[in-house]
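Undergrad: Provided below for reference: sequence and predicted model.
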Amino acid sequence: MNRLLKTALGCTALLLITLLTVDPARAGDRNRLYRVDVRPHGGFTRLTLKLDREPAYTLTHLAGNRVRVTLRDTDGSRWKRLRSYSDSNVAGCAVSKRRGDLLVTVGVKGDPRGVRVLTAPGSAALTLDVGSRFAPSRTSPFAQGREGIRVGVEQLVTRFDPPVKSDIPFVPTDRRVLQKMLTPEEVDIILAGEAALYRGQGSEAEGIFAPIVTVQSPVKALAYYRLGEARSMLQKYPEALRDFREGEKLQPEFLAQSPGTAFAYADAVFRSGDLEGGRRMLGRLIASLADKKFAPVLLVRLADILARQGKEMEAVAIYRNVSENFPDTKAKWQARMKLADRRLMAIEPATFAGLVDEYLEITRNGDFILREEALFKAALLTSLFGEAPAGFALVAEYEKKFPRGTYASVARGMREELVVPMVRALAAAKDFPALVKFSQDNRDYLAKCIVDPDYVRSLVIAFADQGRFSEEAALFSYLAGKEWSAPQAPELYRRIIEAAERTGDIPLLEKTADDFLRRFPNHPLALRYREQVASLDYNRGDLAKVASRLAPLLSGTGRPDDVESLYLLGKSLESTGNKKDAERAMTLFLSELRQRGGTSQLAPDAHYVVATARLARGDRKGAMELLRAGSASAPEALRDPFLYKMGEIARLEGRHDEAAGHFQAVVTGGKDPVWQQMATQALADMELKKKLAGQVKLSK
């Protein structure tokens, strides 16, 4: 009991501190700007705004190198003469009014960040100094190669404001109350919606209550309130605010009966931009719950609102009081998180370790949401300023513990950045086993590494050093399939094919080559791989596929990597009955062979195919020349078909002695019994015709 009383008294004291901290401008009459002094100084220009009393203000950086000071609840003249003012730092000063506030907008020459605001508690003046000397240094304080980590992170960690759990218990509507107004089926629907809210299933609750508010119902007000809570849970704050206001019109007393709903209402007001309205509503709620254990959490939320209003000193005072006076509450760790965050983006490399320790302590004591946020920020700081292995370890720990966390996508980017210095260090140290294992373990995070050709080369060397070619092919196959590897994909495919050749993995070689050809049909390596897989198809007897793969060679637009690919194309076309294109392919093969000054055991057969095709067209002379060339280049054991065909051509042209000589050469010196038998028969036919011709001559 004493402990509860102590907590209540502490909460009440904090409440009094908070509620007494009100805008001076709103405590009585409106403030007034009565003087603006502009004085150039060495390296900067000072604008002094003099008012009736201490101003409530916010400073905003605008597009077009402008800054704006918003003086809330303030009147004043337009000061038109300042609009044309210009010096080396300032390009005009415009004073305007908007919804009861006074806006002082200053054009900035040079670095737009070169602005500082000076004020003192109780002072009725505000000083704005403009000059590039006040701009923060552009020299990065981060460890080399870590600059990319900060991109987008500052806005996330300083302005990101996820849904807040108030810790106020959710109290469902009494079934007996509902039964007096609704049918049993309708009661079940309402209670099912409230159960969804209790479980944190905002979408389900929204789907239940949204139709109810569109019809006349005794519980329409309740449905509006519950719909507002559901949409707040889903971060649909403008819609939630409309729902709460509709519910308040119908049944305002419900807010006093359901403090959890009142908190969600106040939070929606705040998040919809009405900071002052949200603060007032939350202040009244805290006052009504000062003796409750969840009041400190509400105080932290109130401090958040004050901070958004520019009342940083008041907000910090609340955070500190909560962190010091409520040791056994979640609010303590929330407040410590807020205080730590104020040091986060202004931390120096020499002092970051202390703040990391603060965040890590929160991970050991806070609730689930705080643990996630604190671990992420500890990882962020270490990634920015610490050693790469330490930062990498914390980021990996975050991803393991919170794989679907709020910061998961940012953590992934951080890990990708940190992988770069890690692999560079391993490659420089020639620690090949570690480089291979690290790359395999982090294959999903190599996007920034893979664009560096040196990284791929280092991996190739590392795998070769270990003789782990199959693993090299497996890793590169995985990487080549990623969109982010596209710039290096051709090189990855090349390495996979080389590894497959070393290990004799023909299926992998064919699959990789086909993938390459599908993705990069016009790449300089495409023809080589097309020829390579066509050769495998030829050896399997799939000649139709060979003809399809190598058909582009007939266009004459490119020279084959392997001249014998033209021969394979010719033989494949010949097998399909396409004699014309087969002749073209073989002719190209022989021509290319001569141009390259090479030899091939396939040349005699190519001569024979072309000669046969020409003979079929009636070109006996051309066929004879090709047969002579083929016979000259063919081994002795393979000359029989050439000699036989030459004998046929000579006999057709009436050169019987020449024909008999070719046939006789096959009979006496041939190696193939089939051709010898055919030549013997040809000689016999010639002899028979000769005898018959002699008998006819004698009879005449």
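TA: Ah, there it is.
Undergrad: how about low-confidence regions in the protein?
TA: Applying pLDDT under 70 to the chain picks out residues 1-28, 121, 136-164, 166, 290-291, 345-346, 556-557, 693-700.
Undergrad: quick one: the strands in it?
TA: Assigned strands in the chain, in chain order: 31-41, 44-51, 57-62, 66-71, 74-76, 90-98, 101-108, 115-118, 125-130 (criterion: DSSP state E).
Undergrad: contacting residues around the residue nearest to residue 607 when sequence neighbours are not counted?
TA: Spatial nearest neighbour of residue 607, excluding adjacent residues (CB to CB, 6 or more residues apart in numbering): residue 630 at 2.9 Å. Placement of C-beta: from N, CA and C, glycine included. Neighbouring residues of residue 630 by CB atoms under 8 Å, 6 or more residues apart in numbering: 603-608, 611, 642.
Undergrad: Then residue 652?
TA: Contacts of residue 652 (CB under 8 Å, 6+ apart): residue 620.
Undergrad: Over to the one 4 residues further on?
TA: With contacts defined as CB under 8 Å, 6+ apart, the neighbours of residue 656 are 650, 686, 690.
Undergrad: Please repeat the previous calculation with a cut-off of 7 Å.
TA: residue 686 (CB atoms under 7 Å, 6 or more residues apart in numbering).
Undergrad: That one and residue 662: what is the separation?
TA: 11 Å (CB to CB, to the nearest Å).
Undergrad: Which among the strands of the chain is found nearest to residue 199?
TA: With CB to CB as the measure, strand 57-62 is the member of these nearest residue 199 (38.9 Å).
Undergrad: Enumerate the positions of the closest one that are buried.
TA: residue 57 (16 or more other CB atoms under 10 Å).
Undergrad: With stretch 569-588 instead?
TA: The neighbour-count check on stretch 569-588 (16+ other CB under 10 Å) flags 569-574, 581-588 as buried.
Undergrad: of the residues you listed, closest to residue 527?
TA: Of the buried residues of stretch 569-588, the one sitting nearest to residue 527 (CB to CB) turns out to be residue 569, at 12.3 Å.
Undergrad: now the helices for the stretch 551-700 of the chain?
TA: All helices of the stretch 551-700 of the chain, identified by DSSP state H, counting those that start in this stretch, fall at 564-575, 579-596, 603-616, 620-633, 640-652, 656-669, 673-699.
Undergrad: follow-up on the earlier one: for ChimeraX, what selects the buried ones among the contacts of residue 630?
TA: Only the buried entries of these go into this ChimeraX selection, using 16+ other CB under 10 Å:
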select :603,604,605,606,607,608,611,642
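Undergrad: Can you tell me which of the contacts of residue 630 is nearest residue 68?
TA: Using CB to CB, the contacts of residue 630 come closest to residue 68 at residue 606, 82.9 Å.
Undergrad: what's the neighbour count on the closest residue to residue 399 other than its chain neighbours?
TA: Nearest in space to residue 399, with sequence neighbours left out and distances taken as CB to CB, 6+ apart, is residue 411 at 5.5 Å. Residues lying near residue 411 (other CB atoms under 10 Å) number 24.
Undergrad: so who does residue 411 touch?
TA: 376, 379, 395, 398-399.
Undergrad: Narrow those residues to those in helices?
TA: 376, 379, 395, 398-399 (DSSP state H).
Undergrad: Looking at these, which one is closest to residue 236?
TA: Nearest to residue 236 among the ones in helices among the contacts of residue 411, with distances taken as CB to CB, is residue 376, at 25.1 Å.
Undergrad: who's in contact with that closest one?
TA: 398, 407, 411.
Undergrad: let's go with 8 Å and repeat that
TA: 157, 398, 402, 405-407, 410-411.
Undergrad: And residue 238, by the same measure?
TA: residue 272.
Undergrad: which residues do residue 656 and residue 662 both contact?
TA: Going by CB under 8 Å, 6+ apart, residues that sit against residue 656 and also against residue 662 are residue 650.
Undergrad: Could you check how many residues crowd around residue 29?
TA: 11.
Undergrad: measure it to residue 71 for me?
TA: Counting by CB to CB, the gap from residue 29 to residue 71 is 14 Å.
Undergrad: Extract the C-alpha trace of stretch 376-386 and format it as PDB.
TA: The C-alpha trace of stretch 376-386 is given here as PDB (Å, rounded to 0.1, in the frame of the first residue of the first chain):
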ATOM      1  CA  PHE A 376      18.600  -1.800 -33.400                       C
ATOM      2  CA  LYS A 377      20.100   1.500 -32.300                       C
ATOM      3  CA  ALA A 378      23.000  -0.200 -30.500                       C
ATOM      4  CA  ALA A 379      23.700  -2.000 -33.800                       C
ATOM      5  CA  LEU A 380      23.300   1.200 -35.700                       C
ATOM      6  CA  LEU A 381      25.900   3.100 -33.600                       C
ATOM      7  CA  THR A 382      28.400   0.300 -33.600                       C
ATOM      8  CA  SER A 383      27.900  -0.100 -37.400                       C
ATOM      9  CA  LEU A 384      28.600   3.600 -37.800                       C
ATOM     10  CA  PHE A 385      31.600   4.100 -35.500                       C
ATOM     11  CA  GLY A 386      32.800   0.700 -34.300                       C
END
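Undergrad: List the buried residues of that stretch.
TA: 376-386.
Undergrad: Equivalent analysis for stretch 386-393, please.
TA: By neighbour count on 16+ other CB under 10 Å, the buried set for stretch 386-393 is 386, 388, 391-392.
Undergrad: okay, now the residue lying closest to residue 122 once chain neighbours are set aside: neighbour count?
TA: Distances taken as CB to CB, 6+ apart place residue 54 nearest to residue 122, at 5.9 Å, with adjacent residues excluded. For residue 54, the count of nearby residues is 18 (other CB under 10 Å).
Undergrad: before we move on, what about residue 336?
TA: Residues near residue 336, counting by other CB under 10 Å, number 23.
Undergrad: List the contacts of the closest residue in space to it that isn't next to it in sequence.
TA: Excluding the flanking residues, the one nearest residue 336 by CB to CB, 6+ apart is residue 323, at 4.9 Å. With contact taken as CB under 8 Å, 6+ apart, residue 323 is in contact with 332, 335-336, 339.
Undergrad: Please report the distance of the nearest residue to residue 471 once chain neighbours are set aside from residue 503.
TA: With sequence-adjacent residues excluded and distances taken as CB to CB, 6+ apart, residue 471 is closest to residue 463, at 6.5 Å. Look at residue 463 and residue 503: by CB to CB, they are 11 Å apart.
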